[in-house]
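Peer 1: 3D model of this:
(2 chains, ligands or ions: 2)
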Amino acid sequence: MNKILFSAVSKKFVMALAGLFLLLFLPVHLGINLMLLKDDPQPFNSAAHFMATFPLVKVVEVLLFLTILIHVVYGITLQIQNWLSRPVRYEVSNRAETSAFSRFMIWTGGSVLIFLIIHFFNFYFIKLGLVEGDPENFYAIAWQLFTIPGYVILYWVCFILLGFHLFHALQSAFQTLGLNNDFWTPVIKGLSLIYAIVVPLGFAVIPLVIWLIK
Amino acid sequence: MPDMKFKLKIWRQKNEKTKGSFVSYDLDNVSPDMSFLEMLDALNKRLVESGKEPVAFDHDCREGICGSCGMYINGLPHGPVPGLTTCHLAMRYFNDGDSITIEPWRAKAFPVIKDLIVDRSAFDRIQVAGGFISVTAGAASEANAILITKTKSDEAFDSAICIGCGACVASCKNASAMLFVSAKISQFALLPQGHVEAKARVRAMVQEMDRQGFGNCSNTGACEARCPKQIKLTNIARLNREYYKAY
Ligand code: SF4
Ligand code: FES
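Peer 2: Numbering: from 1, shown residues only, chains lettered A, B, ... in the order given. Ligands and ions are numbered 1, 2, ... in the order given. The predicted structure follows:
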């Protein structure tokens, strides 16, 4: 059993499935965030309220947390194993023609994780009652955060890094799941590029628009 | 073309147990038509004549088919020219006066035995685990008894030309052996003869690959970029499919 769950192929399979699930979630989150652009806090707050209370969403929420956890734990485990498989480094670093996005997944992923933790402190933990704040008015919290220049810069940097992560992630997941051929691979690569630009950009414009409105 | 000069920086290591280090050599009178291995032969001749220990490197066929001549040249397995093994690499691909750093493959699963020679028997153990088809020995069977399309046979051949050199492991940032194993799986998965033992084969080979201490594939593609036989990443996707089918 262990051999099946933790073989080199299975670990990647789990990573890919978990990653794809997270890729599905991001646009949903973006959809809700875009309501921040409305002057009226109501739609955003109700959406946040709905996400916090509707039972089915609760199930998805638990699933989402598990997925993040699995993706992170597997990702770190794989990376440590990979580092250990080459105990002596090369004198001249590798010049093989590969995409930088694929080489820095652990770092782009790690930055996203750090942002996620900050994000949890700002919102999610308030809902859980772990951090002080008004769980019924996330709209005000978000607007407030977007007035802090340091926060916005960090937010942008993290979304750029997320874009880098996503660009390799999407195509890599399909390769891991076994889909690689002359017809689909270029299509998937194209879609990865579009996804990796559009989704992070969607998040990134929100504070910008809020600034312009003010 | 006139003869060339090189500044060589070569990894020297007495045996598995001792620590190695780089030693620099100046070599002149190198003909541009020499292969990389012939250039090393010329260096060794000089070393032997001056009573020094020659540089140990692995080689056999010197025509790109045995896979033993792997070395890491200036940050690239088998040197700068894609699709060539070190034995096929001619010195004219370098510039006169170039500095060339030569290192052995670096991977936990490929320990250095001496200088540039590594122990690649981890590959053999993966092959022994499942990289074969069981046939009854005896008279060769009728070649056309099982019909195979030309496309399939070509595709299987493209995988079968993997020479087991280990450049994929050497260039992978994770020292993963997935390209090698996927080529060995694919050459059988693509042919009807390989289907009988397909499930047991892929399970056993992946398990053995893990046991040998290779890293995990991160779909980076350095292997495909540096494989002298240009084995494609589609093989790795096929290996993954075969593995899922086996459970
Ligand atoms: S896949 Fe290519 S690089 Fe890897 S062992 Fe085979 S021939 Fe060498
Ligand atoms: S010596 Fe056989 S492949 Fe180079």
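Peer 1: give the contact list for residue 46.
Peer 2: Went with chain A since none was named. Applying Cβ atoms under 8 Å, 6 or more residues apart in numbering or on different chains to A:Ser46 gives no contacts. (Each C-beta comes from the backbone N, C-alpha and C, glycine too.)
Peer 1: should've been chain B
Peer 2: Contacts of B:Arg46 by Cβ under 8 Å, 6+ apart are B:Leu27.
Peer 1: for it, helix, strand, or coil?
Peer 2: Under the three-state scheme (DSSP: H, G, I helix; E, B strand; the rest coil), B:Arg46 adopts helix.
Peer 1: ok, it to B:Leu40 distance?
Peer 2: Here B:Arg46 is placed at a distance of 11 Å from B:Leu40 (Cβ to Cβ, to the nearest Å).
Peer 1: measure the closest residue to B:Cys61 other than its chain neighbours to B:His78 for me?
Peer 2: Distances taken as Cβ to Cβ, 6 or more residues apart in numbering or on different chains place B:Cys87 nearest to B:Cys61, at 7.3 Å, with adjacent residues excluded. Applying Cβ to Cβ, the value for B:Cys87 to B:His78 is 9 Å.
Peer 1: same question, A:Gly133
Peer 2: A:Gly133 is 59 Å from B:His78, by Cβ to Cβ.
Peer 1: repeat for B:Thr18
Peer 2: From B:Thr18 over to B:His78 the distance is 26 Å, taken as Cβ to Cβ.
Peer 1: Neighbour count: these two, which is higher?
Peer 2: Per other Cβ atoms under 10 Å in any protein chain shown, whichever of B:Thr18 and B:His78 has more neighbours is B:His78, with 27 against 11.
Peer 1: Nearest residue to the middle of chain B?
Peer 2: Centroid-nearest residue in chain B, with Cα atoms, centre = their mean: B:Cys165, separated by 1.6 Å.
Peer 1: In contact with that residue, which residues?
Peer 2: Going by Cβ under 8 Å, 6+ apart, B:Cys165 touches B:Gly67, B:Ser68, B:Cys69, B:Gly70, B:His78, B:Thr85, B:Pro228.
Peer 1: I'd guessed B:Leu47 sits against B:Pro54; true?
Peer 2: Yes: the criterion here is Cβ atoms under 8 Å, and B:Leu47 meets it with B:Pro54 at 4.9 Å.
Peer 1: By mean pLDDT, flag the weakest helix or strand of chain B.
Peer 2: Among the helices and strands of chain B, helix B:192-195 carries the lowest confidence by mean pLDDT, DSSP states H and E, at a mean of 92.
Peer 1: I would like the residues contacting it, please.
Peer 2: By Cβ under 8 Å, 6+ apart, the residues outside helix B:192-195 that reach it are B:Ile133, B:Ile146, B:Ile148, B:Gln187, B:Phe188, B:Ala189, B:Arg201.
Peer 1: and the second one, that's in a helix?
Peer 2: In this case it means B:Ile146. No: looking at B:Ile146 with three-state DSSP, it is coil, so not inside a helix.
Peer 1: now the helices for chain A?
Peer 2: For chain A, the helices defined by DSSP state H occupy A:2-5, A:8-34, A:41-53, A:55-84, A:100-103, A:105-119, A:125-127, A:138-145, A:149-176, A:184-213.
Peer 1: swap that for chain B, please
Peer 2: Taking DSSP H as the criterion, chain B carries its helices at B:36-49, B:121-130, B:150-160, B:167-171, B:178-189, B:192-195, B:198-211, B:222-226, B:234-245.
Peer 1: highest average neighbour count across those?
Peer 2: With neighbours taken as mean count of other Cβ atoms under 10 Å in any protein chain shown, these reach their highest mean count in helix B:167-171, at a mean of 30.
Peer 1: Which strands or helices does that helix pack on?
Peer 2: Applying 3 or more Cβ pairs under 8 Å, 6 or more residues apart in numbering or on different chains; DSSP states H and E, we find helix B:167-171 packed against strand B:76-77, helix B:178-189, helix B:222-226.
Peer 1: Indicate whether that helix makes contact with ligand 2.
Peer 2: No: counting by Cβ under 6 Å from any ligand atom, ligand 2 is not contacted by helix B:167-171; separation bottoms out at 10.5 Å.
Peer 1: if you skip the residues just before and after it, what's nearest to A:Phe146?
Peer 2: In space, and not counting its chain neighbours, A:Phe146 is closest to A:Pro207: 4.2 Å by Cβ to Cβ, 6+ apart.
Peer 1: Count the neighbours of the one you found for me.
Peer 2: If you count neighbours by other Cβ under 10 Å, A:Pro207 ends up with 22.
Peer 1: From B:Phe57, how far out is it?
Peer 2: Distance from A:Pro207 to B:Phe57, by Cβ to Cβ: 58 Å.
Peer 1: again, but for A:Val28
Peer 2: Between A:Val28 and B:Phe57 the distance is 57 Å, computed by Cβ to Cβ.
Peer 1: repeat for A:Glu132
Peer 2: According to Cβ to Cβ, A:Glu132 and B:Phe57 sit 67 Å apart.
Peer 1: re earlier: what's the neighbour count on the residue nearest to B:Cys61?
Peer 2: For B:Cys87, the count of nearby residues is 23 (other Cβ under 10 Å).
Peer 1: Repeat that for B:Asn29.
Peer 2: Neighbour count for B:Asn29, taken as other Cβ under 10 Å: 10.
Peer 1: What count of nearby residues applies to the closest residue to it other than its chain neighbours?
Peer 2: Spatial nearest neighbour of B:Asn29, excluding adjacent residues (Cβ to Cβ, 6+ apart): B:Asp3 at 4.9 Å. Here the number of neighbours of B:Asp3 (other Cβ under 10 Å) works out to 12.
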